[in-house]
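Chemist: Curious how this folds, go ahead:
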Amino acid sequence: MLVYEGIILMEFINLATFALTDRKKCISSREYSRNLGTGNGIDLVKLKSTITSVPEVRVPTGYALAQNYPNPFNPSTTTRFDVATRTRVRLSIFNVLGQKVAELANEEMSTGSYEKVWNARVASGLYIYRIEAVSVSDPSKRFVNEKKMVLLK
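Modeler: Numbering: from 1, shown residues only. Modelled structure (predicted):
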């Protein structure tokens with residue numbers, strides 16, 4: 001459904017084939033156009049579209065933990081990881097004394113690639129982030145990995 005200023009303009013399935021354009025700026029030929037009576041020259045235009053490429057969807061085949069970026073960081077950093085099957089994931093951050101300072105994830109996740117952002121409100125220094133992933137369907141499948149990161153203030 002396409003709504004403009006609270007008015008239902010049209011209901012359709014494929015929103016990508018229509019665009020709301022300013023009549024004064026639209027130079028291309030139109031298959032369908034209708035003045036909507038809004039007083040501001042707005043038309044509903046059906047666009048001719050051609051698919052030139054289909055984006056590649058990457059499905060992880062294994063577990064992985066990537067290096068955070070940026071590193072060193074201030075005040076936030078992003079951590080990416082891949083999950084191969086439906087998995088219980090815990091992503092934790094520890095200081096050099098082994099004390100947990102943050103937990104970015106502690107949830108069940110489906111197959112895919114994820115990223116979590118840590119907004120650090122701790123002292124400058126070296127930190128370790130650790131992922132623990134246990135398959136929901138087969139608890140004997142486990143993935144544990146750790147990486148270092150540096151917070152500079």
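
Chemist: Could you list the domains of the protein?
Modeler: The chain breaks down into these structural domains: 2-46, 64-151 (assignment by automatic domain parsing).

Chemist: so what's Y63 up against?
Modeler: 81-84, 87, 133, 143, 145 (Cβ atoms under 8 Å, 6 or more residues apart in numbering). C-beta: built from backbone N, CA, C; applies to glycine.

Chemist: pLDDT at it, what is it?
Modeler: pLDDT recorded at Y63 is 93.

Chemist: Please name the nearest non-neighbouring residue to it.
Modeler: F143 (3.7 Å; Cβ to Cβ, 6 or more residues apart in numbering).

Chemist: Just list the residues touching that neighbour, thanks.
Modeler: 63, 87, 131-133.

Chemist: go on, A66?
Modeler: 79-81.

Chemist: Turn these into a markdown table, including secondary structure.
Modeler: Output for the contacts of A66, formatted as a markdown table (DSSP: H, G, I helix; E, B strand; the rest coil):
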| residue | secondary structure |
| --- | --- |
| T79 | strand |
| R80 | strand |
| F81 | strand |
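
Chemist: Give me the buried subset of those.
Modeler: 79, 81 (16 or more other Cβ atoms under 10 Å).

Chemist: So which of the contacts of A66 is the closest to E56?
Modeler: Of all the contacts of A66, E56 sits closest to R80, with 17.2 Å by Cβ to Cβ.

Chemist: what about the closest one, distance to I131?
Modeler: 11 Å (Cβ to Cβ, to the nearest Å).

Chemist: what sits in contact with each of the two?
Modeler: L65.

Chemist: one step back: list the beta-bridge partners for the residue nearest to Y63.
Modeler: A133 (DSSP bridges).

Chemist: Please, where are all the strands along the chain?
Modeler: 2-4, 7-10, 18-22, 42-46, 64-65, 76-83, 87-95, 100-109, 112-119, 125-135, 142-151 (DSSP state E).

Chemist: from what I can see N71 touches M149, true?
Modeler: Yes. Using Cβ atoms under 8 Å, N71 makes contact with M149 at a distance of 5.1 Å.

Chemist: neighbour-wise, which of those two wins?
Modeler: Applying other Cβ atoms under 10 Å to N71 and M149 shows that M149 carries more neighbours, namely 21 against 15.
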